[in-house]
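Peer 1: I would like the atomic coordinates for the input below:
(one chain, ligands or ions: 1)
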Amino acid sequence: MGGTALSYDIDLLTQAHHALNQGELEQALQLTQSFLHDAQEQHEHELGLRLLAKLHFKLRDLSPAIKTLEKLTSLLSRSKNKHDYLIAQQFLARCYEEDTRYQESMLAWLEVGSVGASVGDEDAFVEALIGIAVLLEVVNDHKRAMRFYNKAQSHREGITSAPLKLRLNLCQAACLIFLEQYPEASELLDRTEQEAVKAGVVDAGYRAEFYLYHARICRAQSKLDIAANLLVKAQHHSQLAGYVWVSNKVQFEKCVVSTLSGKHDPAIEQLQASLEQVQQANLPILESEIYDALSLAFGNKGDFQSALECEKKAHAIEVELLKKVPISELGQNCFRRFKRWEPELETEKTKLENLALKTKTQSQKAMVNRLERDVYIDPLTRIHNRRWLDITLAEKQKSYALLLIDVDHFKGVNDNYSHQIGDQVLQCLASIFSHNIRQDDAVARYGGEEFVVLLAVSDKAQALETAERLRLAVQNYDWADLVPGRNITISAGAASKADQDTVSDLLNRADRALYSAKHSGRNQVQYQ
Ligand SMILES: Nc1nc2c(ncn2[C@@H]2O[C@H](COP(=O)(O)OP(=O)(O)OP(=O)(O)O)[C@@H](O)[C@H]2O)c(=O)[nH]1
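Peer 2: Model prediction:
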């Protein structure tokens, strides 16, 4: 009887993941709750709670997300393997921070630092240092935050996760900008970009922040036109990544640039609209930054009364935030604690490294992975390239379907807007495709303005549904900033692999379907 119940439960969890991938969060939530209701084994509870916390967080229901994570961390704290515990504890620390429960967030980060050190997990140790630095920045103590970033940088060699290395740099660059150390910030951003290229990071959220910080530096150096251009790029990427926090920051930075360029009224209007959104989402740090920007705009316009009012509101929010953070605790003591943990971290790491040497060293593996990745990545769009596709198709055993996608009238984009804008359109399309396919599917640049999406399943209905989703995502994307006065659309040919098909049979069928989509008027999908 136990066996039947278990398979039914797992089925619910699979359905919940599926609903999450489809963006149906409420449904995913209900399925996960039913799964948890019937869960019996500790392992099932862990799986369910992890997904539940993620869903609450996505729905921006912080209190239930926190409660769920508190349960999960308490369950995991008993297990021997600390990796999952550390991941959950970090998520919890971030949720506390978003919910402005700074003291609890700090305690959670201290726990991550201490446990991370005791098991030789340098990534977790660095995460904790960054987490505390971010809390210090919340209360405008950027100088002290910088000590934590510097300490985290001193552990850089030991960090195994490429995105974490990038995030450390981005956080530190933002802090340097606050401290008005522009050349240092600029240099750090350039180095970060080189590392991102090497590591093959395509994340749109990373790119959005990268452009935003560059724009801030340019704005501070009165290069307003360049700043405005960079912000257009930042906006594209934040839109793609769907990060509310970054896109708000980009939005209000745009307003600062407009008011400095003399366009006060539109900037004020936009800032007031953002203010409403930010207040609804309960993001006090952004709110105080927006009041600061409004004060600047009113001041530049000559309306000093309103400027002063905004200034006072920003100040009042900051005072409230300060009340919530135990500054004395956050400062010296924390730093000392991390110093004490460092020798423990080193000892544990050495033990682990000795163990790893017996098999293969991690760095060797990482290097091989990186080399393999570079060989299979298209340098312009940073998605898989033709070489990857050829090898993957040749090795594929199971049945599958494939979409061949071609940009409509792309030559016109190059001719009317420049080859460089054409390149940016291709990059943007690659991101749109990557963000709109399922986890098991993959996208590659086939060559020129052609892309291939490889689907894990072979049925016609699903192939057409995916192709249609991608076609609509491209059609509905806001192209106005990149190619004003023009819409970008795609045509796609879909085909499924039959048992007797060779790869070239399949590609030929998809190509014929694409040809037919083009000749029936473009911006459509056909199947053969
Ligand atoms: N910017 C840029 N353009 C490229 C790249 N690769 C190919 N192209 C251009 O893509 C265009 C493809 O044009 P065509 O094959 O004539 O077709 P089209 O204009 O897209 O029109 P249809 O496919 O018939 O809808 C050519 O102008 C190529 O120069 C690239 O990497 N960057």
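Peer 1: okay, now residue 63: neighbour count?
Peer 2: By other C-beta atoms under 10 Å, the residues close to residue 63 number 10. The way it works is simple: take the backbone N, C-alpha and C, and place the C-beta from them, glycine included.
Peer 1: Is it in contact with residue 101, as I believe?
Peer 2: No - at 10.1 Å, residue 63 and residue 101 do not qualify as touching, with contact defined as C-beta atoms under 8 Å.
Peer 1: and the residue most central in space within the chain, what is it in contact with?
Peer 2: For the chain, the residue nearest the mean C-alpha position is residue 205 (4.2 Å; C-alpha atoms, centre = their mean). Residues in contact with residue 205 (C-beta atoms under 8 Å, 6 or more residues apart in numbering) are 237, 238, 241, 243, 246.
Peer 1: Let's have these in a markdown table, adding secondary structure, neighbour count and distance to the ligand.
Peer 2: Compiled in a markdown table, the contacts of residue 205 are given as follows (DSSP: H, G, I helix; E, B strand; the rest coil; neighbours: other C-beta atoms under 10 Å; distance: C-beta to the nearest ligand atom, whole Å):
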| residue | secondary structure | neighbour count | distance to the ligand |
| --- | --- | --- | --- |
| 237 | helix | 25 | 19 |
| 238 | helix | 26 | 23 |
| 241 | helix | 19 | 23 |
| 243 | coil | 17 | 27 |
| 246 | helix | 23 | 27 |
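Peer 1: Could you single out the nearest of those to residue 419?
Peer 2: Checking the contacts of residue 205 against residue 419 with C-beta to C-beta, the nearest one is residue 237 at 20.7 Å.
Peer 1: For that closest one, give me the pLDDT.
Peer 2: Looking at residue 237, its pLDDT reads 89.
Peer 1: so who does it touch?
Peer 2: Listed by C-beta under 8 Å, 6+ apart, the contact set of residue 237 reads 204, 205, 207, 208, 211, 431.
Peer 1: Swap in 6 Å and give it another go.
Peer 2: By C-beta atoms under 6 Å, 6 or more residues apart in numbering, the contact list for residue 237 reads 204, 207, 208.
Peer 1: And for it, nearest residue in space, chain neighbours not counted?
Peer 2: In space, and not counting its chain neighbours, residue 237 is closest to residue 208: 3.8 Å by C-beta to C-beta, 6 or more residues apart in numbering.
Peer 1: continuing past the lowest-mean-pLDDT helix or strand in the chain, what's the next helix or strand?
Peer 2: Sorting the helices and strands of the chain by mean pLDDT, DSSP states H and E puts helix 327-328 at the bottom, at a mean of 52. Sequence order places helix 334-358 as the next helix or strand after helix 327-328, per DSSP states H and E.
Peer 1: OK, now which residue of this protein is nearest to the ligand?
Peer 2: Residue of the chain nearest the ligand, by C-beta to the nearest ligand atom: residue 422 (2.6 Å).
Peer 1: hang on, the earlier thing: using pLDDT, spot the least trustworthy of the contacts of residue 237.
Peer 2: Least confident entry in the contacts of residue 237, by pLDDT: residue 204, with 82.
Peer 1: Pull the contacting residues for that residue.
Peer 2: Contacts of residue 204 (C-beta under 6 Å, 6+ apart): 237, 240, 241, 431.
Peer 1: Would you mind measuring from the residue lying closest to the second one once chain neighbours are set aside to residue 305?
Peer 2: Counting by C-beta to C-beta, 6+ apart, residue 240 lies nearest to residue 204, which is 4.0 Å off, once chain neighbours are set aside. Distance of residue 204 to residue 305, computed by C-beta to C-beta, to the nearest Å: 41 Å.
Peer 1: just residue 62 next, same as before
Peer 2: For residue 62, the distance to residue 305 - C-beta to C-beta - is 36 Å.
Peer 1: Show me which of these two is the more surrounded one.
Peer 2: Using other C-beta under 10 Å as the criterion, residue 62 and residue 305 rank with residue 62 on top: 17 against 7.
Peer 1: Show me which residues of this protein are close to the ligand?
Peer 2: Residues of the chain found near the ligand (C-beta under 6 Å from any ligand atom) are 380, 406-412, 414, 419, 422-423, 426, 448-449, 518, 522.
Peer 1: and those, which of them are in helices?
Peer 2: 410, 411, 412, 414, 419, 422, 423, 426, 518 (DSSP state H).
Peer 1: Let me know how buried the spatially closest residue to the first one that is not a sequence neighbour is, in neighbour terms.
Peer 2: Setting aside the residues directly before and after it, residue 410 is nearest to residue 449 in space (C-beta to C-beta, 6+ apart), at 4.3 Å. Close neighbours of residue 449, defined as other C-beta under 10 Å, add up to 20.
Peer 1: Could you tell me how far residue 449 is located from residue 408?
Peer 2: Distance, residue 449 to residue 408, using C-beta to C-beta: 9 Å.
Peer 1: what does residue 514 give?
Peer 2: Counting by C-beta to C-beta, the gap from residue 514 to residue 408 is 11 Å.
Peer 1: if you count what's nearby, which of these two comes out ahead?
Peer 2: residue 514 (24 against 19).
Peer 1: OK, contacts around that one?
Peer 2: By C-beta under 6 Å, 6+ apart, the contact set of residue 514 is 404, 406, 493.
Peer 1: Just the element for the last one, please.
Peer 2: Residue 493 belongs to strand 490-496 when assigned by DSSP H and E.
Peer 1: contacts for that strand?
Peer 2: Here strand 490-496 has contacts from 401-408, 458, 463, 467, 471, 474, 506, 509-510, 513-514, 517-518, 522, 525-528, using C-beta under 6 Å, 6+ apart.
Peer 1: where does the stretch 301-450 of the chain have low pLDDT?
Peer 2: 324-334, 352-353, 355-374 (pLDDT under 70).
Peer 1: Off-centre distance for stretch 149-158?
Peer 2: Chain-centre distance of stretch 149-158: 22 Å, with C-alpha atoms, centre = their mean, to the nearest Å.
Peer 1: ugh, wrong one, I meant stretch 418-425
Peer 2: On the basis of C-alpha atoms, centre = their mean, stretch 418-425 sits 24 Å off its chain's mean C-alpha point.
Peer 1: Tell me the predicted confidence for the residue nearest to the centre of the chain.
Peer 2: Per the predicted model, pLDDT is 84 at residue 205.
Peer 1: please renumber so the chain begins at 23
Peer 2: Renumbered: residue one is now 23, and that last one reads residue 227.
Peer 1: Now do the buried residues in the strand or helix carrying it.
Peer 2: Assessed by DSSP H and E, residue 227 sits inside helix 226-242. Of the residues in helix 226-242, 226-241 count as buried by neighbour count, 16 or more other C-beta atoms under 10 Å.
Peer 1: Thought residue 430 was touching residue 544, still the case?
Peer 2: Yes - the pair residue 544 and residue 430 qualifies as a contact (C-beta atoms under 6 Å) at a distance of 4.4 Å.
Peer 1: quick one: the helices in the stretch 173-322 of the chain?
Peer 2: Using DSSP state H, counting those that start in this stretch, the helices found in the stretch 173-322 of the chain span residues 184-200, 204-221, 226-242, 246-263, 266-282, 286-302, 306-323.
Peer 1: Neighbours of residue 362, how many?
Peer 2: Residue 362 is flanked by 11 other residues according to other C-beta under 10 Å.
Peer 1: no wait, residue 96
Peer 2: By the measure other C-beta under 10 Å, the count of residues near residue 96 is 11.
Peer 1: again with residue 158
Peer 2: When neighbours are defined as other C-beta under 10 Å, residue 158 has 25 of them.
Peer 1: got it, and residue 214?
Peer 2: Neighbour number of residue 214 under other C-beta under 10 Å is 23.
Peer 1: likewise residue 45?
Peer 2: Residue 45 has 9 neighbours, counted by other C-beta under 10 Å.
Peer 1: quick one: it is in a strand?
Peer 2: No - assessed with DSSP: H, G, I helix; E, B strand; the rest coil, residue 45 is coil; it does not lie in a strand.
Peer 1: Okay, it and residue 120: tell me how far apart.
Peer 2: Taking C-beta to C-beta, one finds residue 45 at 21 Å from residue 120.
Peer 1: And for residue 457?
Peer 2: For residue 457, the distance to residue 120 - C-beta to C-beta - is 23 Å.
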